[in-house]
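Trainee: please find the sequence and the predicted model below.
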Amino acid sequence: MFFMETRISLKGQITLPAEARKKFGIKTGDVLKVRITEDGILVLPGKTGLNNNQANALETLRKTSGIWKDMEETGENFVRRLRAEDAERWKVLGIE
């Protein structure tokens, strides 16, 4: 265990040293937990927050961008076909 120093700004903000951010994979917008203990204040990486979810969604969009570009059906026709297929399955199952 080792300690790092940081300062508190006029707005009460702290800068987490780059070494700590790199070690724990902490990025801009990540959520941190602050725990008050008998020995002082403990800062821990938090659960994935909204910003991480947004970043993950954007990354997924980037990775999948254009994979449907060769699709011959329009989006509207594709959805209609899927709904018709579902209706047929429901009919077979007696769910209608």
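Mentor: It's in. Numbers count the residues shown, from 1 in each chain.
Trainee: give me the distance between Thr64 and Leu58.
Mentor: Distance, Thr64 to Leu58, using C-beta to C-beta, to the nearest Å: 11 Å. C-beta: built from backbone N, CA, C; applies to glycine.
Trainee: ditto for Val34
Mentor: 27 Å.
Trainee: give me the secondary structure label for the residue nearest the centre of the chain.
Mentor: When C-alpha atoms, centre = their mean is applied to the chain, the residue found nearest the centroid is Asn53 (1.6 Å). The three-state label given to Asn53 by DSSP: H, G, I helix; E, B strand; the rest coil is helix.
Trainee: how near is it to Leu10?
Mentor: From Asn53 to Leu10 the distance is 31 Å (C-beta to C-beta).
Trainee: so where is the protein shaky, pLDDT-wise?
Mentor: 1, 47-52 (pLDDT under 70).
Trainee: helices of that one, start to end?
Mentor: Applying DSSP state H to the chain gives helices spanning 18-24, 50-64, 75-93.
Trainee: could I get those helices as JSON lines with distance to Gly40?
Mentor: Converted to JSON lines, the helices of the chain look like this (distance: least, C-beta to C-beta, whole Å):
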{"stretch": "helix 18-24", "distance to Gly40": "16"}
{"stretch": "helix 50-64", "distance to Gly40": "27"}
{"stretch": "helix 75-93", "distance to Gly40": "56"}
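Trainee: Thr6 is nearest to which of those helices?
Mentor: Ranking those by proximity to Thr6 (C-beta to C-beta) places helix 18-24 first, at 9.1 Å.
Trainee: can you tell me how far Gln54 sits from Thr64?
Mentor: From Gln54 to Thr64 the distance is 16 Å (C-beta to C-beta).
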